[in-house]
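Chemist: Below: sequence and its predicted model.
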Amino acid sequence: MALFDEAWMTRFAEIWNGDDELTGALGAIGFNSTIGYGVPDEDSPRGVLVVENGKVAHAGAWNGEALNWDIRASEEQWQKWMAKPPGMMGLGTAFTTGKLKFVVGDYGAMLKDPGMAKPFIRTFHLMGQV
């Protein structure tokens, strides 16, 4: 599996949907979003998750879907986070130094909302299980 390809995203969705901590937290806030994942030097994200009420309804290669979030980091950085998931400080530093980029989406607003910030950090833990 290549990072964020169809198979990778499908497996990530299975792990996501099987994680009550994540789906419960996102379901409690009625989280609905289309999230793209990729690397900064590419024109578009590689993979996409469509999340409805906290659970992934669709996962796969990005196919032109309109995105609420488009999250980018280098492949090397993604691999580091998958091996050792970051905390809030690590993500904040990554964002301010440009290692984590939001092509679409408001990182600052997400950080200020504990209902979104904690689940976002949880996704990095889950990525390491793919």
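Modeler: Looks like it came in fine.
Chemist: Tell me where the longest helix sits in this structure.
Modeler: Of all segments of type helix in the chain, defined using DSSP state H, the longest is helix 114-127.
Chemist: So what's the gap between that one and the chain middle?
Modeler: 8 Å (C-alpha atoms, centre = their mean, to the nearest Å).
Chemist: ok, which stretches of this structure are strands?
Modeler: 33-38, 47-52, 55-61, 69-72, 101-104 (DSSP state E).
Chemist: by contact count, what packs against the first one?
Modeler: In this structure, strand 33-38 makes packing contacts with strand 47-52, strand 69-72, judged by 3 or more C-beta pairs under 8 Å, 6 or more residues apart in numbering; DSSP states H and E. Quick note: C-beta positions are derived from backbone N, CA and C, even for glycine.
Chemist: Could I get the average pLDDT for that strand?
Modeler: For strand 33-38, mean pLDDT is 97.
Chemist: Quick check: buried residues in it?
Modeler: Thr34, Ile35, Gly36, Tyr37, Gly38 (16 or more other C-beta atoms under 10 Å).
Chemist: Now tell me which of the strands of the chain the model trusts least on average.
Modeler: Among the strands of the chain, strand 101-104 carries the lowest mean pLDDT (a mean of 93).
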